[in-house]
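Colleague: I'd like to go over a predicted model; first the sequence, then the structure.
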Amino acid sequence: MRADHWAEGVDRLLAEIGPVTGASRVWIFQLLEVQSDTVVQDYVFEWAPSERYRQLNQNRFRFFSSSLEDPVYRRLVEERQAGVSHDFCIPVMPPGPLRSDLEGQAIQSMATVPIFVNGHWWGTLGIDDCERPVSWRGPGLDLLEAAGQLIAAALYRYELNHRSRQIELFHKVADCGVWEISLRNGRVWCSQAFKTVLGYPETYPRVPLRRLLARLHPDDRAALRTCLRALWRVAAEPFLVERMEDEPPLRVTMSVSLGVARQGDDASQAPNQLMAQADQALYAAKHAGRNCALLYREATEPGAVNLDSE
């Protein structure tokens, strides 16, 4: 999958799958969260041959919640979490909420494949046929599974490149070795210069946490371990975000915005002035969009860098 951005590659892949299979829709749901009684997803990609079959822009598929009260749908979700693909011929399905929902979308047959990134269920790739009640077992499902693996690989490469670009940008701003520890999975990301200090090639994708800790002073090492354990406990507990009155709260995990201030060689700026500049750049970056880093430049407009597109 070759494209300037992984999302463009996904769009092109879906546009290849649709005509080859004769499908009415090829789509991707991104998983946001599996709660005890609800699955929260978002409709993020779609190919359709005409407006008649398009659903991507329908409000009901924006950050939508699906109840797990139906045992058939609950089993479907559990099997997707285990990596199982599915093939549905709707006219022969047993009556129930899942069949009614699919019939309400005029779907005659459907195939789905879970997409896994870093060992976690990231989302679902699916094919809908609104004209033919056919089975997708065999070549059709095999094609979909191969496409799901290509999408997972593109997402994984994107995550690696995206994080590396962030780290290198902070390295340029701070002019020192930069490292980051993910609170989600404990993985370590280092700037290229810092990797060489740790004895790794600049192009090495990730550095083990133990190698980073081994280079720290024993007192700092113990303090960092204590801090990480406390932060991991907090990061593991989602926050509840209130939504519409008739919708359950949305569980979200913690994210962080950072402002970095660096004193110039002439040490002419007061600390409070440095912090004010970093604060100004931080809030301007937030307004510039998702995953943006911004460097404050005196007497000029701050220049923003979108980390998704560079």
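Modeller: Good, I have the coordinates. Numbering: from 1, shown residues only.
Colleague: quick one: which helix or strand includes the spatially most central residue of the chain?
Modeller: Centroid-nearest residue in the chain, with Cα atoms, centre = their mean: Trp122, separated by 7.3 Å. In this structure, Trp122 sits in strand 120-129 according to DSSP states H and E.
Colleague: List the neighbouring strands of that strand plus their orientation.
Modeller: strand 25-34 (antiparallel), strand 109-117 (antiparallel) (DSSP bridges).
Colleague: show me the contacts for the residue nearest to the centre of the chain.
Modeller: Shown in contact with Trp122 (Cβ atoms under 8 Å, 6 or more residues apart in numbering): 30-31, 115-116, 152, 155. C-betas here are computed from N, CA, C, even on glycine.
Colleague: mind redoing it with 10 Å?
Modeller: The contact partners of Trp122, by Cβ atoms under 10 Å, 6 or more residues apart in numbering, come to 28-31, 114-116, 148, 151-152, 155-156.
Colleague: Wait, Ile151 touches Arg12, no?
Modeller: No. Using Cβ atoms under 10 Å, Ile151 makes no contact with Arg12, being 11.3 Å away.
Colleague: So for the two, which sits in the more crowded spot?
Modeller: Ile151 (24 against 14; other Cβ atoms under 10 Å).
Colleague: Quick check: the more buried one is in a strand.
Modeller: No. Looking at Ile151 with DSSP: H, G, I helix; E, B strand; the rest coil, it is helix, so not inside a strand.
Colleague: Tell me how far it lies from Cys176.
Modeller: Taking Cβ to Cβ, to the nearest Å as the measure, Ile151 falls 37 Å from Cys176.
Colleague: on that earlier part again, list only buried entries from the contacts of Trp122.
Modeller: For those, a burial check counting by 16 or more other Cβ atoms under 10 Å picks out 28-29, 31, 114-116, 148, 151-152, 155.
Colleague: what mean pLDDT does the helix or strand where Glu78 lies have?
Modeller: Glu78 belongs to helix 71-81 when assigned by DSSP H and E. Taken as a whole, helix 71-81 carries a mean pLDDT of 94.
Colleague: can you give me how far that helix is from the chain middle?
Modeller: Mean-position distance between helix 71-81 and its chain equals 22 Å (Cα atoms, centre = their mean, to the nearest Å).
Colleague: Using neighbour counts, pick out the buried residues of that helix.
Modeller: 73, 76-77, 80.
Colleague: Dump the strands paired with strand 120-129 into a markdown table; add distance to Gln269 and mean pLDDT as well.
Modeller: Shown next, in a markdown table, are these (distance: least, Cβ to Cβ, whole Å; pLDDT from 0 to 100):
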| stretch | distance to Gln269 | mean pLDDT |
| --- | --- | --- |
| strand 25-34 | 43 | 92 |
| strand 109-117 | 43 | 94 |
